[in-house]
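# coordinates for the following, if possible.
(one chain, ligands or ions: 1)
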Amino acid sequence: MVESLDTISRVLVVEDEQHLADGLRFNLEAEGYEATVADTGERALELLAERPNGFDVVVLDVMLPGKDGFTVMSELRADGQYVPTLMLTARGRPEDVLKGFAAGADDYLTKPFELSILFARIRGLLRRRRWLENAIPPASPASAAGQSPVAGALDATVETPVIPPQTPPIDPVNPLAGAAATVNAGASDRFVFGDKSVEFDALELRVREQVFPLTLMETNVLRYLIQHEGKPVSRKQMLEEVWGLHVDTDTRPIDNFIVRLRRYLEDDPTNPRHLLTVRGVGYRFIASPPEA
Ligand code: CA
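Have a look, this model is predicted:
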């Protein structure tokens with residue numbers, strides 16, 4: 001099944017609360033999307049198994065009867081399906097956000113949310129899907145899904161230079177408000193380093209001739225590191241200021257984001273020159289690394 005870029009984008013909404021599901025379907029259709037609703041996780045997995053390339057984006061609620069959103073997410077990824085997925089998490093449950101990213105979610109939105117924000121996130125995920133399709137050589141849909149670069153990125157380990165830790169300055173920003181502002185910004189918002197550039201408002205990373213669509217969270221992680229160019233930032237600091245999460249425990253989602261970003265912007269992701277690991281602290285972005 002080959003889809004052209006001009007076809008209507010198909011969204012699978014997995015939500016058991018009928019008024020919410022109906023409202024989402026109505027608004028998605030009003031925006032020109034084709035919307036399908038599954039009211040259980042089991043039904044969603046069934047639909048996705050029947051039509052492996054049948055959806056362009058999944059909007060997946062965490063709280064579902066039977067299999068919850070995390071289980072659906074993990075089973076989908078274990079099945080080699082990398083359809084971009086936005087998880088809907090309950091307010092005040094930061095552990096859900098981390099669990100969602102660990103399960104393979106691409107992005108998340110806290111309930112209740114504004115429709116304009118939901119649509120902005122969906123558009124970001126659609127750009128990512130187009131890039132994945134273009135990046136994968138023609139093959140059967142099943143094997144193509146298994147070769148998603150995102151899948152490999154999540155498992156990769158990276159050797160990085162050791163940099164002595166310093167005390168990073170705290171820059172109190174509100175990342176989520178910033179994200180919304182970015183989406184609505186009309187003016188160009190870009191950062192150029194060498195032959196690369198980040199287009200923050202378009203959620204794109206340009207490396208010479210290549211364009212990599214970024215998820216909103218990838219863009220926010222990159223923006224935060226660039227704002228602190230040359231200075232180490234800790235994982236905890238990033239969790240607090242980029243994700244808005246106040247937790248001390250699992251910082252693995254940060255590492256997954258860094259691995260993915262290195263795949264996009266490093267010439268050799270195993271020998272990063274821009275996104276460096278600061279052992280015992282976190283990461284440091286260098287715009288102009290010295291010549292090797
Ligand atoms: Ca629900």
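
# Three-state assignment for residue 110, please.
Secondary structure for residue 110, judged by DSSP: H, G, I helix; E, B strand; the rest coil, is strand.

# mind listing the strands for the stretch 151-292 of the chain?
190-193, 196-199, 204-207, 210-213, 232-234, 275-278, 282-285 (DSSP state E, counting those that start in this stretch).

# measure the closest residue to residue 262 other than its chain neighbours to the ion for me?
Of all residues not flanking residue 262 in the chain, residue 269 sits nearest, at 4.2 Å (C-beta to C-beta, 6 or more residues apart in numbering). (Each C-beta comes from the backbone N, C-alpha and C, glycine too.) The gap separating residue 269 from the ion is 38 Å, by C-beta to the ion, to the nearest Å.

# one step back: okay if I get the strands of the stretch 151-292 of the chain as TSV plus mean pLDDT, mean neighbour count and distance to residue 85?
Converted to TSV, those look like this (pLDDT from 0 to 100; neighbours: other C-beta atoms under 10 Å; distance: least, C-beta to C-beta, whole Å):
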stretch	mean pLDDT	mean neighbour count	distance to residue 85
strand 190-193	94	14	28
strand 196-199	94	18	23
strand 204-207	91	18	20
strand 210-213	84	18	15
strand 232-234	94	22	27
strand 275-278	95	21	25
strand 282-285	95	23	25
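
# dump those strands into TSV; add distance to residue 78 as well.
Listed next are those as TSV, based on distance: least, C-beta to C-beta, whole Å:
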stretch	distance to residue 78
strand 190-193	36
strand 196-199	32
strand 204-207	28
strand 210-213	24
strand 232-234	32
strand 275-278	28
strand 282-285	29
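
# tell me the bridge partners for the closest residue to the ion within the stretch 101-250 of the chain.
Minimum separation of the stretch 101-250 of the chain from the ion (C-beta to the ion) falls at residue 111, amounting to 8.5 Å. Beta-bridge partners for residue 111, by DSSP bridges, are residue 90.
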